[in-house]
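Participant: The following comprises the amino acid sequence and a computationally predicted model.
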Amino acid sequence: MTRYFAVAILLIGGVLTSGSMAADSIRVSTDFPGGSATVVEIDQKTATIEIQPNVLVDRGWPCWWFLRIDGLTTGQTVTLKVSANPKPYRAKSVLSASWMQPDRAVYSNDESDRSSWRQTGKCQREGEVATYQFEASSATMWVAWGVPFLPSDAERLLDVVSHRLPGSERFELARTRGGRPVPGIRIGGGTADKPARFGIWVQARQHAWESGGSWVGRGFIDWASSDDADAVALREIATIHYVPIMDVDCVSIGAGGKDATPRDHNRDWSDEPVYPEVAAAQKLICRLDQARRFDVFLDLHNPGPNEQRPYFFGPDNLNELPALQQQNHARWLAIAQEEIAGPLPLLKEYMFATYVKTEEERGRMSANWVRNHTSPHVLSTTLETAWNTPHSQPDGYSAVGRQLAQTVFRYLTGRTREAQP
Ligand SMILES: [Zn+2]
């Protein structure tokens, strides 16, 4: 019933957007990868468009939105109003507006060129509605919650990295439940004479709406695959597995993913995962650990709207962990504080996911699962990078990713580890 309701609303949205309007009138569409918006109203005279993110029942938070606007006049000021979709996304859950109302939205006249995206000025908030304005530089404009990072971006990035490093290996982690590939790449690994002894796993987008996580990941792999002397040295001592997008299905359909039914990717790390890509990641990580080639696990996310600085989620039981693990965490945090210094400087202390109430649920979060299923020296953590700042764009995010990779390099080259057999 709820599914039928959602489909009916989408159809109404379709009528509103394409209907019988003249070809030169303002039209909104979302029928492309990552697209999401339900049109509430279009005022043709003032170029004012009111939208809400689509509710895709059981596919997580309706916070991500991304639309194409046609029929504009160059030089015209476009006004976009965004409010919360009042329909439940799961049972009786309705998402609060703050998650879908960044201070600044982003817009572009060339969807495929990510460097063309710009932030709007700060939005005006009135009650539950946020209003953004920008100037149309062509008849077609694209507007979104944040700069998109889609499977096509992942593909392009993996292509660049694999051409840069002939010794790298692209892999398909899994096929999603929707039949889509989840690609990744393995780089480094040392040489045949001197194989790398360390292993790193980096992944983003267990929550599909958190596009910033993928941009941080891009900064990481871009630096790690570069000819910077430290990056070259990192590839000699470590093998890096990188997965740019875990929840490819929700990213593709413009769904939020977070709090999906029956659970989202970052609550799926159990003995019986729902998602094939989670199961495949678990298997590969365990295999690396059993081969004594696993050291660092990094899960990349975006936090709440009011959090202005990046931070790591630390282990809830930090003080009860083996001494070696505690030492590793202290060293990690000290190095990360020095490296991740701006434009988005890291918070000095760990945060803790105290909102997760049961031990059982905590155990199903990826960083905890990895910590509980690998050797005592393994450093497993989640980085939350602020998304609601002027620097929360590809350049700022990529800087955090590069600094994160430099943190890993310093951590591994002067690290504490149990004796090798
Ligand atoms: Zn997240």
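Facilitator: Nice, I can see it.

Participant: From now on I want contacts and neighbour counts done on CA atoms only, so please keep to that.
Facilitator: Noted.

Participant: Run a quick neighbour tally on Ser115.
Facilitator: Residues lying near Ser115 (other CA atoms under 10 Å) number 13.

Participant: ok, which stretches of the stretch 301-421 of the chain are strands?
Facilitator: 311-313, 379-384 (DSSP state E, counting those that start in this stretch).

Participant: Those: which one's closest to the ion?
Facilitator: strand 379-384 (7.5 Å; CA to the ion).

Participant: so does that closest one get close to the ion?
Facilitator: No: using CA under 5 Å from the ion, strand 379-384 stays clear of the ion, coming no nearer than 7.5 Å.

Participant: what's in contact with that strand?
Facilitator: 213, 295-303, 310-315, 325, 328-329, 367-368, 370-371 (CA atoms under 8 Å, 6 or more residues apart in numbering).

Participant: could I get that strand in CSV with only the CA atoms?
Facilitator: Extracted C-alpha coordinates of strand 379-384, given in CSV (Å, rounded to 0.1, in the frame of the first residue of the first chain):
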residue,chain,number,x,y,z
LEU,A,379,43.1,0.2,13.5
SER,A,380,39.5,0.3,12.4
THR,A,381,37.6,3.6,12.4
THR,A,382,35.0,5.8,10.8
LEU,A,383,35.7,9.3,9.5
GLU,A,384,32.8,11.8,9.5
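
Participant: Sheet partners, orientation included, of that strand?
Facilitator: Applying DSSP bridges, strand 379-384 is found paired with strand 296-301 (parallel), strand 311-313 (antiparallel).

Participant: Could you save these as TSV and add columns showing mean neighbour count, distance to the ion and mean pLDDT?
Facilitator: Formatted as TSV, the strands paired with strand 379-384 follow (neighbours: other CA atoms under 10 Å; distance: least, CA to the ion, whole Å; pLDDT from 0 to 100):
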stretch	mean neighbour count	distance to the ion	mean pLDDT
strand 296-301	24	4	98
strand 311-313	22	11	97
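
Participant: Ala204 is nearest to which of the ones you listed?
Facilitator: Nearest of these to Ala204, taken as CA to CA: strand 296-301 at 4.7 Å.

Participant: what distance separates the closest one from the centre of its chain?
Facilitator: 11 Å (CA atoms, centre = their mean, to the nearest Å).

Participant: what do you get for stretch 396-412?
Facilitator: That offset, for stretch 396-412, works out to 16 Å (CA atoms, centre = their mean).

Participant: Stretch 235-252 now?
Facilitator: 11 Å.

Participant: got it, and stretch 371-389?
Facilitator: Worked out by CA atoms, centre = their mean, stretch 371-389 lies 14 Å from the chain centre.

Participant: Name the residues of the stretch 301-421 of the chain found near the ion, please.
Facilitator: His301.

Participant: Where does pLDDT dip in the stretch 301-421 of the chain?
Facilitator: For the stretch 301-421 of the chain, the stretches with pLDDT under 70 are 415-421.

Participant: tell me, which helix in the chain spans the most residues?
Facilitator: Scanning the chain for the helix with the most residues, using DSSP state H, yields helix 394-413.

Participant: how about the residues of the stretch 101-250 of the chain that lie near the ion?
Facilitator: His207.
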